[in-house]
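Enquirer: Predicted coordinates and the sequence they were generated for:
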Amino acid sequence: MDKNSPIGVFDSGVGGSSIWQEIHKLLPLENSIYLADSKNAPYGNKSSEEITELSIKNVEKLLGLDCKIIVVACNTATTNAISTLRENYDIPIIGIEPAIKPAALQTTSKSIGILATKGTLSSALFSRTAREFTKDISVVEIIGEGLVPLIEAGKLDSPEMISLLKKHTKPMIDANVDYVVLGCSHYPYIIPQLKKILPKNVKIIDSGEAVARQTKTVLQSLNLLRIENTKPRLRFFTNADTDTLKFLLKDYSEIISVEKSDF
């Protein structure tokens, strides 16, 4: 594989761009390609078989674009499809899981909340991780029903969003959680809204930095880090409207390209 080949990233929509930002922050010289499968969002309410089929479609697209490593920037796709992807493709594949372990290790109230999609919370991988790290801890699992479509539409501060967040966080607040784990790569975009609703002592954890570090570690181990000190090519493709992706990545507008593509 070529060191100059891009890092490939995919998600069920625009949310995984929060993961891309962490990767770009840590590896600013790397070329990258991001696929936003917004046409099929959200993945969280689909069957495991459907999620796996969509994930394979995305991987095939990224392989066709000569990617050297693939980051599954979607909790639902990781928990349902990553084993199949790793079995079928001879390329490094990085997944993303809810950060249950750090929350469980650091909680002092012995009560943590997890906000995730139905597809993640009902997966076997999530269940194994939760069982391993939360034996003596109360865990409030909340399906973030309705959040992904609002984020996909760019309605981060809408009355509907605030109303849903108040509804979803109430059981966590009632249970005196001191950590809230975000189990969907879309959700980092609503951290500002969550902070206004949750008590001040509650810490919010997502997996972006950990995924970026793991991506760097794997590329280093395979001697695949790009060393050319030239401007990287940062390409984003969506199979839906480009407006939300451009809005969420407005701070990067001068260095990225965002295109509509059917995949």
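Expert: That came through fine.

Enquirer: if I pick the spatially most central residue of the chain, what's in contact with it?
Expert: The C-alpha lying nearest the average C-alpha coordinate of the chain belongs to S185 (C-alpha atoms, centre = their mean; 2.6 Å). Counting by C-beta atoms under 8 Å, 6 or more residues apart in numbering, S185 makes contact with D11, G15, G16, S18, I19, A73, C74, N75, I96, D206, S207, G208. Where you see a C-beta, it was placed from the backbone N, CA and C, and this is true even at glycine.

Enquirer: That one sits in which helix or strand?
Expert: Assigned by DSSP states H and E, S185 belongs to no helix or strand.

Enquirer: so what pLDDT did it get?
Expert: Note for S185: predicted pLDDT of 95.

Enquirer: Number the residues from 96 up from this point.
Expert: Taking 96 as the first residue, the last one we looked at is S280.

Enquirer: measure it to G111 for me?
Expert: For S280, the distance to G111 under the criterion C-beta to C-beta, to the nearest Å works out to 4 Å.

Enquirer: Common neighbours of those two, please.
Expert: In terms of C-beta under 8 Å, 6+ apart, S280 and G111 are both contacted by the residues A168, C169.

Enquirer: Let me know the pLDDT of the nearest residue to V313 once chain neighbours are set aside.
Expert: Spatial nearest neighbour of V313, chain neighbours left out: P187 (5.0 Å); criterion: C-beta to C-beta, 6 or more residues apart in numbering. On pLDDT, P187 comes in at 98.

Enquirer: ok, now E155?
Expert: Model confidence at E155, expressed as pLDDT, equals 98.

Enquirer: counting contacts, what elements does whichever strand or helix holds it pack onto?
Expert: Take DSSP H and E as the rule and E155 turns out to sit in helix 143-159. Contact analysis of helix 143-159 by 3 or more C-beta pairs under 8 Å, 6 or more residues apart in numbering; DSSP states H and E lists strand 102-106, strand 127-131, strand 164-167, helix 170-183 as its packing neighbours.
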